[in-house]
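> What follows is a predicted protein model with its sequence.
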Amino acid sequence: MSTLRLLAQSLVKDFFEVDCPSISQSANVSKLISLLQTSESYEALVTNGYPPRLVTVRDVLKVTHPERTSVSKIAFSPSGITPNAPLYDASLKLVHNRVRILPVVENESIVGVVRQTTILEKMVDCEDLEECTAEKLMVENPVTMDRDASIGVIRSIMLKNGISHIPVVDKEGKLGGIVTAKDVVWNFIKPSEGQTVGVRRGETIRTRDMSMRGLIDTNPLYVTRRTSILDVIREMSTLKMGYCLVVEKQKPIGIITPRDILSLLTQFEPKVQIPVYVVGFKDFDKDLVQSAARKIDRVASRVLKYHPDLQEIVVDGRVKARRGEERRFEIKARAFMPSNMISITVEGWSLPTLFDEVSERLDAALRQSKGKRKTKRSDSG
């Protein structure tokens, strides 16, 4: 049995940790920013309530007035995990929820968290990853920005695309550095004690039109497309980086995040028998389409417990418009049941983001349809 499979089938109880930054849901976002900065964390657990909730740096990006906004306004509830669950299930939930920590729950109490960094450190010992290269996992054509872009634009792009890292390039497209969500939050959204004279307490300092030059890390982590994923994991773990760029001819051609690496463990989840068809992507990147199919497979697996009549899911994609070399995509996903059909349509310029969105919306729509059927039965007596 491969070392990767053995790791995937390990139990969460052997990996979870007790210590984790936490904050009350009634605290304001200014206090949260200070906590995240002090603990050098990207996320914090939100106390006072069940189910467990999290708040992340990316959520803070949405806030304009940190002193006036409570943590409860931006916190969300990810899927928790039990101590005896397999690690592939924890990895699946980390990937699906787009988070870096996952609450470990037992008897409706939080007993700790499992971190993606802890899992990555264990993956260093998976020798069967030696043959896997960076180009197989990277998200191609990452969003990039010019070094003169304003902080406000960077913030908007991060929120729009659901990303936390943007490579900075010069006029020739060559890599000049990187800006992260942490950089923007620490400098763009200030906690009250960081306000300067003349700025109203709790309000964002007027830097939205300022250049991001001062935020750029000019020494980003990067590798070539042929670099082994094991070496990528080692570098990310050693340097405590939440990304790794893939560079060719001095230009960023891809990006790898821990979420992409953890997806290697999710392949060991038992396969669902519901047929999933991904069609209309003839000229698209095959690896990307296969990744989308796996995401839809996982949606089908999750909803089977309350949609046992689910027959098949069909995902159809097409190019709807072009803007220079960019393409605007339309993706339709349909879930078929004997007496019902649920349809989801999304549009956008980033195919990976759209695949994430269609998976999440299809999952939500199927869950909602379950609730509606229950309501009808109870109303009819």
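On my side now, so go ahead.
> going forward, measure contacts and count neighbours with C-alpha atoms only.
Fine.
> Find me the pLDDT at the nearest residue to Tyr243 once chain neighbours are set aside, would you?
Leaving aside its sequence neighbours, Tyr243 sits nearest to Thr257 (C-alpha to C-alpha, 6 or more residues apart in numbering; 4.5 Å). Per-residue pLDDT puts Thr257 at 95.
> Thr257 against Lys240, yeah?
No. With contact defined as C-alpha atoms under 8 Å, Thr257 does not count as touching Lys240 (11.7 Å).
> The two: who's more crowded?
Between Thr257 and Lys240, counted using other C-alpha atoms under 10 Å, Thr257 has the larger neighbour count: 20 against 10.
> and that one, what does it touch?
Shown in contact with Thr257 (C-alpha atoms under 8 Å, 6 or more residues apart in numbering): 242-244.
> any low-confidence regions in the protein?
Low-confidence segments of the chain (pLDDT under 70): 1, 190-211, 271-272, 305-306, 370-381.
> And the helices in it?
3-8, 29-39, 57-60, 87-97, 116-123, 134-137, 151-161, 181-188, 229-239, 258-266, 286-303, 351-379 (DSSP state H).
> Show me how far the third one is from its chain's centre.
When you say that, I think you mean helix 57-60. Centroid displacement of helix 57-60 relative to its chain, using C-alpha atoms, centre = their mean, to the nearest Å, is 12 Å.
> do the same with stretch 143-160
Averaging C-alpha positions (C-alpha atoms, centre = their mean) puts stretch 143-160 18 Å from its chain's average.
> Which of the contacts of Thr257 sits closest to Leu32?
Gly242 (20.1 Å; C-alpha to C-alpha).
> Any idea how many residues pack against that closest one?
19.
> which ones are touching it?
Gly242 neighbours (C-alpha under 8 Å, 6+ apart): 236, 257-258.
> which one of those residues is nearest Ile157?
Looking across the contacts of Gly242 and measuring by C-alpha to C-alpha, the closest to Ile157 is Thr257, at 17.7 Å.
> Need the phi and psi values for that closest one.
Note on Thr257: backbone dihedrals following degrees, to the nearest 10 are phi -120, psi 160.
> how close does it sit to Met241?
9 Å (C-alpha to C-alpha, to the nearest Å).
> again, but for Glu312
Distance of Glu312 to Met241, given as C-alpha to C-alpha: 40 Å.
> give me phi/psi at the most centrally placed residue in the chain?
Note on the chain: the residue nearest the mean C-alpha position is Arg98, at 2.7 Å, using C-alpha atoms, centre = their mean. Main-chain dihedrals, Arg98, degrees, to the nearest 10: phi 60, psi 50.
> and the closest residue to it other than its chain neighbours, what is it in contact with?
In this structure, Arg98 finds its nearest non-sequential neighbour in Arg259, 7.3 Å apart by C-alpha to C-alpha, 6+ apart. Arg259 makes contact with 94-95, 98, 116, according to C-alpha under 8 Å, 6+ apart.
> What's the separation between the residue nearest to Tyr243 and Lys282?
27 Å.
> I figured Thr144 hits Lys171, correct?
No. Here Thr144 does not reach Lys171: they are 11.3 Å apart, not a contact under C-alpha under 8 Å.
> and the two? which has more neighbours close in?
Each of Thr144 and Lys171 has its neighbours counted (other C-alpha under 10 Å); Thr144 has more, 19 against 9.
> quick one: that one from Ile163, how far?
11 Å.
> Count the neighbours of Ile229 for me.
When neighbours are counted by other C-alpha under 10 Å, Ile229 comes out with 24.
> so what's it up against?
Taking C-alpha under 8 Å, 6+ apart as the criterion, Ile229 is in contact with 129-134.
> want to throw the contacts of Arg259 into CSV with distance to Ala364?
Output for the contacts of Arg259, formatted as CSV (distance: C-alpha to C-alpha, whole Å):
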residue, distance to Ala364
Leu94, 17
Val95, 16
Arg98, 16
Gln116, 25
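> which of the residues you listed sit farthest apart?
Spanning the widest gap among these are Arg98 and Gln116, at 10.7 Å by C-alpha to C-alpha.
> Return the alpha-carbon coordinates of stretch 319-328 using PDB.
Output of stretch 319-328 as PDB, limited to C-alpha atoms (Å, rounded to 0.1, in the frame of the first residue of the first chain):
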ATOM      1  CA  VAL A 319     -17.300  29.600 -24.000                       C
ATOM      2  CA  LYS A 320     -19.800  32.400 -24.000                       C
ATOM      3  CA  ALA A 321     -17.700  35.400 -24.900                       C
ATOM      4  CA  ARG A 322     -14.100  36.400 -25.600                       C
ATOM      5  CA  ARG A 323     -12.100  39.500 -24.600                       C
ATOM      6  CA  GLY A 324      -8.700  39.300 -26.300                       C
ATOM      7  CA  GLU A 325      -7.100  36.100 -25.200                       C
ATOM      8  CA  GLU A 326      -9.500  35.800 -22.200                       C
ATOM      9  CA  ARG A 327     -12.600  33.700 -22.400                       C
ATOM     10  CA  ARG A 328     -15.900  34.100 -20.500                       C
END
